[in-house]
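Chemist: just a sequence and a predicted model for now, questions to come.
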Amino acid sequence: MTLVVSVPSADLARALEPMPVPMPEGVEVIVWPMDAAPPRDHIDLIVPPYMSPGLGIPLLADVSSRLVQSQSIGYEGMAEMLPAGIVFANAATVHETSTAEFAVGLALAAQRRIDEFAVDTREGHWAPTSAPVFAPSLADRRVLLLGYGGVGKAVAARLAPFEVELVPVASRARVEDGVAVHGIDELPELLPSAEIVILTLPGGDATRHIIGEAELAALPDGALVVNVGRGPLIDTDALARHAQAGRIRAALDVTDPEPLPAGHPLWSAPGVLIAPHVGGASSAMGPRMVALIRRQIDHLLAGEEPENVVVRT
């Protein structure tokens, strides 16, 4: 019996072939961008397009499948969008590396004013012309890491050489692999001494506005908030007020709403750096996505439980 796999692009189909281990016999890869009716009545493994939440999801009702493999880690809202009978997996193991290095990059850029110097470069302006700029370092800062899952742990590993005081926070207090992780209930006591807050949490009702007016007010003046999780983790209106007042700085890969509309006060707020949700989009993504799809194919061929199943409808 043939195991049929659909991917959204010819490039991804080609990338599945030249692996060190040849594709197992009995596997057929077809291209289905999910912009039209499914090409088969049954497709064992369906890979939807990347960064297109909701695109083609209703079409899944017209095809039977064994697994729908997302190319994103986040899956908030998918349980309500998916038709009945779907097994849905997220892309854990694919984006952690890229997102973590981007989080560290945002923190470094904001701390060392690299974003400002980039503007000076475009304008051909050497500033300052006399005394050196003593920007805040990343070293020796107290960094509150809000979220200690796959991305959070990857951020922690990359921050280790920067000599920060790392304070991980998760849904519950625990000691994990020798690391003391604080519970979210401790947040009010931890925020007043946090110089940098990095958010890596998933979206959803449980984490919506986990950083709101009270939490921002509790941070010390000049604190930096870095968000590589989901935009609604932060109350955008509250952040805009604190940033416009020059009290809180921010480096954001995600916003709420997204994309951030023209004229939004965050665009012009001092000390705010905004990236267009590109944390996971690096050259590291492709090979990791291919490796995950190949592993899922092996699981299905062997009759095993797929990896990363997060929703069953």
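Modeler: Everything's here; your move.

Chemist: what's the neighbour count on the nearest residue to Ile248 once chain neighbours are set aside?
Modeler: Nearest residue to Ile248, sequence neighbours excluded (CB to CB, 6 or more residues apart in numbering): His242, at 3.9 Å. Placement of C-beta: from N, CA and C, glycine included. His242 has 21 neighbours, counted by other CB atoms under 10 Å.

Chemist: same thing with the one 4 residues further on?
Modeler: Neighbour count of Gly246, defined by other CB under 10 Å: 12.

Chemist: the one 5 residues further on too?
Modeler: The local packing count at Ala251 equals 26, with neighbours defined by other CB under 10 Å.

Chemist: what packs against the strand or helix carrying the residue nearest to Ile248?
Modeler: For His242, the host element (DSSP states H and E) is helix 236-244. Contact analysis of helix 236-244 by 3 or more CB pairs under 8 Å, 6 or more residues apart in numbering; DSSP states H and E lists helix 213-218, strand 249-252, helix 265-268 as its packing neighbours.

Chemist: give me the sheet partners of the following helix or strand past the longest one and which way each runs.
Modeler: Next helix or strand after helix 213-218 toward the C-terminus (DSSP H and E): strand 224-227. Note on strand 224-227: by DSSP bridges, its sheet partners are strand 196-199 (parallel), strand 249-252 (parallel).

Chemist: quick one: the strands in the stretch 51-200 of the chain?
Modeler: For the stretch 51-200 of the chain, applying DSSP state E, counting those that start in this stretch gives strands covering 67-69, 87-89, 142-146, 165-170, 174-176, 179-183, 196-199.

Chemist: pick the most buried one from those strands.
Modeler: strand 196-199 (a mean of 27; mean count of other CB atoms under 10 Å).

Chemist: and of the strands paired with strand 224-227, who's closest to Ala238?
Modeler: Taking CB to CB, strand 249-252 is the member of the strands paired with strand 224-227 nearest to Ala238, at 11.3 Å.

Chemist: would you list the strands paired with strand 224-227 in a markdown table and tack on distance to Val133?
Modeler: Formatted as a markdown table, the strands paired with strand 224-227 follow (distance: least, CB to CB, whole Å):
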| stretch | distance to Val133 |
| --- | --- |
| strand 196-199 | 19 |
| strand 249-252 | 15 |
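
Chemist: ends of stretch 76-86, how far apart?
Modeler: 15 Å (CA to CA, to the nearest Å).

Chemist: and the lowest-mean-pLDDT helix or strand in the chain, what does it pack onto?
Modeler: Counting by mean pLDDT, DSSP states H and E, the chain has its least confident helix or strand at helix 114-123, which shows a mean of 88. On a contact count with 3+ CB pairs under 8 Å, 6+ apart, helix 114-123 meets no helix or strand.

Chemist: now do the buried residues in it.
Modeler: Asp115, Glu116 (16 or more other CB atoms under 10 Å).

Chemist: so how far is that helix off the chain centroid?
Modeler: Offset of helix 114-123 from its chain centre (CA atoms, centre = their mean, to the nearest Å): 26 Å.

Chemist: Ala302: what's it in contact with?
Modeler: Going by CB atoms under 8 Å, 6 or more residues apart in numbering, Ala302 touches no other residue.

Chemist: cool, and Arg208?
Modeler: Per CB under 8 Å, 6+ apart, neighbours of Arg208: Pro232, Leu233.

Chemist: residues of stretch 190-207 that come out buried?
Modeler: Neighbour-count burial for stretch 190-207 flags 190-191, 194-203, 207 (criterion: 16+ other CB under 10 Å).

Chemist: just for the chain, where's the confidence low?
Modeler: Residue ranges of the chain with pLDDT under 70: 19, 53, 129-131.

Chemist: again, only using 50
Modeler: Filtered on pLDDT under 50, the chain yields no residues whatsoever.

Chemist: can you give me the separation between the residue lying closest to Arg66 once chain neighbours are set aside and Ser64?
Modeler: Using CB to CB, 6+ apart and skipping the chain neighbours, the partner closest in space to Arg66 is Asp44 (4.7 Å). Distance of Asp44 to Ser64, given as CB to CB, to the nearest Å: 9 Å.

Chemist: check Arg230 too.
Modeler: From Arg230 to Ser64 the distance is 31 Å (CB to CB).
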